[in-house]
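J.: let me see the structure of the following:
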Amino acid sequence: MEKQAEANRSARFASYIEARRFDPPRPLLIKAAALVARREHALDAGAGALNATKYLLSAGFAHVTVLDASPHAQKIAEAAQEFFTRVVTFTAARFTSPCSAGSSSRRRGTGRARRR
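T.: Residues are numbered from 1 along each chain as shown. Here you go, the predicted model:
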């Protein structure tokens, strides 16, 4: 049952990421990036379609670490390696809660990160 739920979750995220691939950067990201004086490194947590990553690079950040659990996000990152040459590090991570597996804190993404 859990494998089926995981497959459904993965498929939902893949659909969401694909639908968001060409969205513009979020206004808060634009404002936050403008406040950074030294643009050496940024973290895009929950990167999805890599829209924020693309914006951060275009805004002058030298390196962006991309963090996402979705295999679809990883495929997008791999396909974009020519564009991102040596400036993006992709880390597949899954967020879990120290509470029970079905708790609401897990669904909100709180808890600690665990590398796969």
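
J.: ok, Ala79 - how many residues close by?
T.: Ala79 has 11 neighbours, counted by other C-beta atoms under 10 Å. Backbone N, C-alpha and C define where each C-beta goes, glycine included.

J.: quick check: it vs His72, distance?
T.: Distance of Ala79 to His72, given as C-beta to C-beta, to the nearest Å: 11 Å.

J.: where exactly do the helices run in the protein?
T.: Here the chain has its helices, by DSSP state H, at 2-19, 27-34, 51-58, 71-79, 81-84, 104-107.

J.: out of those, deepest packed?
T.: With neighbours defined as mean count of other C-beta atoms under 10 Å, the helices of the chain peak in mean count at helix 51-58, which reaches a mean of 21.

J.: for it, name the packing helices and strands.
T.: helix 27-34, strand 41-45, strand 63-68 (3 or more C-beta pairs under 8 Å, 6 or more residues apart in numbering; DSSP states H and E).

J.: can you rerun that using 10 Å?
T.: Here helix 51-58 touches helix 27-34, strand 41-45, strand 63-68, helix 71-79, helix 81-84, strand 88-96, going by 3 or more C-beta pairs under 10 Å, 6 or more residues apart in numbering; DSSP states H and E.

J.: and the angle for the second one with strand 63-68?
T.: Right, strand 41-45. If you take axes from the mean of the first three to the mean of the last three C-alpha atoms, to 10 degrees, strand 41-45 sits at 10 degrees to strand 63-68.

J.: contacts for strand 41-45?
T.: Contacting residues not belonging to strand 41-45 are listed as 29, 32-33, 36, 50-57, 59, 61-68, 73, 87-91, 93, 95, 109, 113 [C-beta atoms under 10 Å, 6 or more residues apart in numbering].

J.: next: the fourth one.
T.: Applying C-beta under 10 Å, 6+ apart, the external contacts of helix 71-79 come out as 10-11, 13-18, 21, 44, 46-50, 53, 66-68, 70, 84, 88-92.
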